[in-house]
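A.B. asks: Here is the input, now give the coordinates:
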Amino acid sequence: MLKTLLQKNNYPILFLIAIATILRFYHLFELEYTYDELSALNRTEYDSLSEVIDKGVMKLDTHPALVQVFLYFYCKFFGTAEWIVKLPFIVAGIGSVFIVYQIAKKWFNETAALLTTTMLACTQYYVFYSVTARPYISGLLLSLLALKYLLDVLFDDTLNKRKYVLLSVFLALCALNHHFSMMFAALCGIVGLLFISKKNALYYLLTCIGAVIIYSPHFPILLYQLKMGGIGSQSGGWLNPPENNFIIQYIFYLFHYSFTFLIAFVGIIISSSLFIKTNHQTSTTNKIRIILLAIFTLCFLIGFFYSQKVNPVIQYSTLIFASPCLLLFVCSYAQELNLKLKWTAIAALVIIGITTLVVKRKYYELIFNQPFDTYLQVADKTIKEKGNYDVYSIFKGEQWFLDYYKRKYHSTANYKVIENEALNSTDYKSIYDTLKTNYLTLGDFNPWQLLQASIYFPYIYQKTIGYNYEVYVLTKNPTTQNLDREKIKIKSTDFSNIPEGFNYNKELIVNDNHLKYYKVDSLNEFPISFKIKNKDLSCKEGETILAEISYQSKKPIKGQLCASTDANKQNIHWTANKMLDFYNSKSNIQKLYISIYVGPKFSYPDNELNIFVWNDQKETFKIIDFSIYKWNNNPYRYGLLSDF
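C.D. replies: Predicted coordinates for the structure are as follows:
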């Protein structure tokens, strides 16, 4: 068997499996947990399996039970070290590479198989989810196995009954893995009904019924989860409905946002079809193409329109189960090349794929620096340099996540964890008022929160950014940097020159000894504002709009700086900060900030941003500057998903 495997014709697939293995095992012991992985790991600490199902799956999760139950037992036996927990998922990722090769080689040709395999071997989509202990790569492997046996059942004349059993098992496991892989399994079953031969129809129906029976104990969990409302923003969750160009962005994501990669891949397939005349296609080939295209298209369309019309669920990750169907469909049109051309084709794609993965996508820079691990490492580094007594930390996240890494690193860091944006500006002020340290570490704070802290700790000692986080170490001790470096000015007025967009009363502008200011008194409840169509700000998703006013007052003021986003006379978003919470008794000039996150719907044509001062207590003060900034301090915040 080994001699057969090492034949010259098998070198390309062995090469691709080796590439897939290296990319996934690279610096295995330095891998860190993502937020989702820590959440799942936290739910393995229940005392019994029934508690895991009741609390860890039904009440605290939206996924089926298979992976969570697997992790529960696996962690009990092998522990919770990152590389240990991720290992079976890495193996599943490598296994997926080989299974997709088997499918394409059997039903199309080896060239189609190698091209498809190359994509699974070296693209970020599949590499990243292979090292993520969540139900995505496990679902990919199960979906490919279900697809493999589905095609065997439908079109293999040498079929034996064992494959019906395996198909039934893998369809059920798909359903138990993730709701989107359950949809994949259901579509496989339905599409198969259209192509099954009459003589095998009874066996096929029994196979589908068997899959439902295997899944049936899970129905109570499914019904309970359906009542939870999901993760969509309409239900109080975090996921927004997909944009109309979702599928286009998905394709670009699959090819590392690289036109070179996409053109090379498509070009190889087209070239082989145009110049290699070895067409051995049969009616079976075309039927399989229909099945592949139908499964992917239906998975996408159902997820897309459900997400737009009912509740957002579709993400790049949820399409991973059906994604090989799209790749297999496209690659099926590649004609068989000779061995030399095969090597040329896969070598070109591997070189482009790995280069864009490492250089353009900065994959390894991002994957080895996850938020919660980094928070503790930065805090410990600062403590080592400045002493434990002089460093305090505040991190956003969940207490268990930070405590996990505190135990791992035997950290002595003193920190507070803020869950679900539980504190407002008044709460933060009360913390800062009592701090005696010279250094403050802040994990994942938004701009106004950072700037409020900078009233007490005005200088930057260290800044660390990565996927889904920013960590600042601020200090009272002078350095060469402060948070002004993060601001990109859009519009500003010191009342000598007032740009378009500012709405004000000219009679309130006072010129006093060459200093102009805007005088606000008890007659001016809404003295000044700035209005602009959101699209005219030319912002990208992930950036932040920051508004700042500088003012003078003989005493603390109780007014507010507010920001409202409206469309068609309806309010979409409103936020405000109190002047009192930013008051600095040591400064003659006070500053107040408000920040507005640029989400996917921010730049819709009807959206208008209105930033205004609300003098709700009818007090007197002088505004000396009103500025609007763009704040883009981390191009990698969504770097594992978006282009940058």
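A.B. asks: Hmm, Ser317 and Tyr136 touching each other?
C.D. replies: Yes. Using Cβ atoms under 8 Å, Tyr136 is in contact with Ser317, at 5.2 Å. C-beta coordinates here come from the backbone N, C-alpha and C atoms, glycine included.
A.B. asks: list residues touching both of the two?
C.D. replies: Common contacts of Tyr136 and Ser317 (Cβ atoms under 8 Å, 6 or more residues apart in numbering): Tyr129.
A.B. asks: okay, the two: which has more neighbours?
C.D. replies: Tyr136 (29 against 20; other Cβ atoms under 10 Å).
A.B. asks: Please name the residues that touch the more buried one.
C.D. replies: If you count contacts by Cβ under 8 Å, 6+ apart, then Tyr136 has Tyr129, His178, Ser317, Ile320, Phe321 around it.
A.B. asks: Most neighbours among the residues you listed, which one?
C.D. replies: Counting by other Cβ under 10 Å, Phe321 has the largest number of neighbours within these, with 31 neighbours.
A.B. asks: list the contacts for that one?
C.D. replies: So Phe321 contacts Tyr136, Gly139, Leu140, Ser143, Cys174, His178, Phe180, Ser181, Phe184, Cys299 (Cβ under 8 Å, 6+ apart).
A.B. asks: Show me what the lengthiest strand in the chain is packed against.
C.D. replies: Criterion DSSP state E: the longest strand present in the chain is strand 621-631. Packed against strand 621-631 by the contact rule (3 or more Cβ pairs under 8 Å, 6 or more residues apart in numbering; DSSP states H and E) you find strand 487-493, strand 515-520, strand 544-552.
A.B. asks: try 10 Å this time
C.D. replies: With contacts taken as 3 or more Cβ pairs under 10 Å, 6 or more residues apart in numbering; DSSP states H and E, strand 621-631 sits against helix 447-454, strand 487-493, strand 509-512, strand 515-520, strand 529-533, strand 544-552, strand 590-597, strand 608-614.
A.B. asks: strands paired with it, and their directions?
C.D. replies: Strands that pair with strand 621-631, judged by DSSP bridges, come out as strand 487-493 (antiparallel), strand 515-520 (antiparallel), strand 544-552 (antiparallel).
A.B. asks: could you point out which element follows the first one?
C.D. replies: As assigned by DSSP states H and E, the chain's next helix or strand after strand 487-493 is strand 502-503.
A.B. asks: and that next one, which strands flank it?
C.D. replies: Strand 502-503 has these strand partners (DSSP bridges): strand 529-533 (antiparallel).
A.B. asks: outside of the strand it pairs with, which residues touch it?
C.D. replies: Applying Cβ atoms under 10 Å, 6 or more residues apart in numbering, the set of residues contacting strand 529-533 from outside is 490-493, 499-504, 545, 547, 562-564, 566, 603-614, 626-628.
A.B. asks: try it again with 7 Å
C.D. replies: Applying Cβ atoms under 7 Å, 6 or more residues apart in numbering, the contact partners of strand 529-533 are Gly501, Phe502, Asn503, Glu608, Leu609, Asn610, Ile611, Phe612, Phe626, Ile628.
A.B. asks: Would you point out the most distant pair within those residues?
C.D. replies: Greatest spacing in the contacts of strand 529-533, by Cβ to Cβ: Glu608 and Phe626 (17.8 Å).
A.B. asks: So those two - more neighbours on which side?
C.D. replies: Ranked by neighbour count (other Cβ under 10 Å), Glu608 and Phe626 place Phe626 first, with 25 against 17.
A.B. asks: From Trp574, how far off is the more buried one?
C.D. replies: From Phe626 over to Trp574 the distance is 19 Å, taken as Cβ to Cβ, to the nearest Å.
A.B. asks: coming back round to it: which of the contacts of Phe321 fall within helices?
C.D. replies: Mapping these onto helices (DSSP state H) picks out Gly139, Leu140, Ser143, Cys174, Phe180, Ser181, Phe184, Cys299.
A.B. asks: backbone phi and psi for Thr464, please?
C.D. replies: Phi and psi for Thr464, reported as degrees, to the nearest 10, are phi -130, psi 130.
A.B. asks: so how many other residues sit close to Phe184?
C.D. replies: Neighbours of Phe184 (other Cβ under 10 Å): 31.
A.B. asks: Please identify which helix or strand holds Lys76.
C.D. replies: Lys76 is located in helix 66-78, with elements delineated by DSSP H and E.
A.B. asks: typo on my end, Arg24
C.D. replies: helix 11-25.
A.B. asks: Could you do Ser273 as well?
C.D. replies: Assigned by DSSP H and E, Ser273 falls within helix 259-275.
A.B. asks: How about Gln225?
C.D. replies: Taking DSSP H and E as the definition, one finds Gln225 inside helix 219-226.
A.B. asks: and that helix, what other elements does it pack with?
C.D. replies: Using 3 or more Cβ pairs under 7 Å, 6 or more residues apart in numbering; DSSP states H and E, no helix or strand is in contact with helix 219-226.
A.B. asks: Any chance you could list what contacts the next helix or strand after it?
C.D. replies: Once the chain leaves helix 219-226, the next helix or strand it forms, by DSSP H and E, is helix 246-254. Applying Cβ under 7 Å, 6+ apart, the contact partners of helix 246-254 are Thr123, Tyr125, Phe300, Phe304, Tyr316, Leu319, Leu641.
A.B. asks: what do you get if the cut-off is 6 Å, keeping everything else the same?
C.D. replies: Tyr125, Tyr316 (Cβ atoms under 6 Å, 6 or more residues apart in numbering).
A.B. asks: Please apply the same query to stretch 386-406.
C.D. replies: The contact list for stretch 386-406 (Cβ under 6 Å, 6+ apart) reads 38, 42, 372-373, 375-376, 379, 382-383, 412-419, 435, 437-444.
A.B. asks: Any stretches of the chain with poor pLDDT?
C.D. replies: For the chain, applying pLDDT under 70 flags the ranges 1-6, 229-238, 276-281.
A.B. asks: quick check: domain ranges of it?
C.D. replies: Using automatic domain parsing, the domain ranges for the chain come out as 2-367, 371-481, 487-631.
A.B. asks: Adding distance to Arg637, write these out as CSV.
C.D. replies: Shown next, in CSV, are these (distance: least, Cβ to Cβ, whole Å):
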stretch, distance to Arg637
domain 2-367, 10
domain 371-481, 6
domain 487-631, 5
